[in-house]
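> Fold the stuff below for me.
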Amino acid sequence: MSIRVLDPTIETTASEHQAAPRLSTLKGKTIGFISNGKEGTSGFFSHLEKLLYEKYHVANVVLHIKSNYSSPADLHIIDEVRMWDAAISGLGD
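This next block holds a predicted model:
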């Protein structure tokens with residue numbers, strides 16, 4: 001009998017990036033949400049969106065839900081992130 005060991009890591013190597021500079025304000029900014037699509041994220045993002053509009057006066061909130069909760073975000077989401085001033089990724093059950 002043989003033992004088969006599986007490697008759970010993603011096939012590609014992540015490239016290194018620097019963190020974006022901190023925003024001085026959220027007023028007038030576009031904030032993007034990337035959700036893993038699980039049940040617990042709906043209420044969280046809904047409440048956060050309300051806070052961002054009412055307290056921080058953001059211009060726009062964009063929500064994208066990944067097609068598979070356990071995989072990286074889809075390429076069309078990654079392409080759109082470049083147009084956002086900030087992104088928040090969330091997960092829940």
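
> Phi and psi next, for residue 35.
phi -100, psi 150 (degrees, to the nearest 10).

> got it, and residue 78?
Per-residue torsions, residue 78: phi -60, psi -40 (degrees, to the nearest 10).

> which residues sit against the worst-scoring helix or strand of the chain on mean pLDDT?
Every helix and strand of the chain was ranked by mean pLDDT, DSSP states H and E. The lowest is strand 86-90, at a mean of 90. Residues outside strand 86-90 that contact it (CB atoms under 8 Å, 6 or more residues apart in numbering): 20, 23, 26, 29-36, 41, 44-45, 48, 73, 81. Glycine gets a C-beta too; all of them are placed from N, C-alpha and C.

> how many neighbours does residue 88 have?
Residues contacting residue 88 under the criterion other CB atoms under 10 Å number 17.

> Report the separation between it and residue 22.
14 Å (CB to CB, to the nearest Å).

> What are the phi and psi values at residue 60?
Main-chain dihedrals, residue 60, degrees, to the nearest 10: phi -160, psi 140.

> Cross-check the contact I'm expecting between it and residue 33.
No. At 11.3 Å, residue 60 does not count as touching residue 33 under the criterion of CB atoms under 8 Å.

> If you count surrounding residues, which of those two has more?
residue 33 (21 against 14).

> I'd guessed the more buried one sits against residue 48; true?
Yes. Taking CB under 8 Å as the definition, residue 33 is a contact partner of residue 48 at 7.4 Å.

> Surely residue 61 and residue 51 touch.
No. Using CB under 8 Å as the test, residue 61 is too far from residue 51 to be in contact (10.1 Å).

> okay, these two: which has more neighbours?
In terms of neighbours (other CB under 10 Å), residue 61 is the more surrounded of residue 61 and residue 51; the figures are 18 against 10.

> Dig out what that one forms beta bridges with.
On the basis of DSSP bridges, residue 61 is bridged to residue 31.

> Buried residues in the longest helix along the chain, which are they?
For the chain, the helix with the greatest residue count under DSSP state H is helix 41-54. Neighbour-count burial for helix 41-54, counted by 16 or more other CB atoms under 10 Å, picks out 41, 45, 48, 49, 52.
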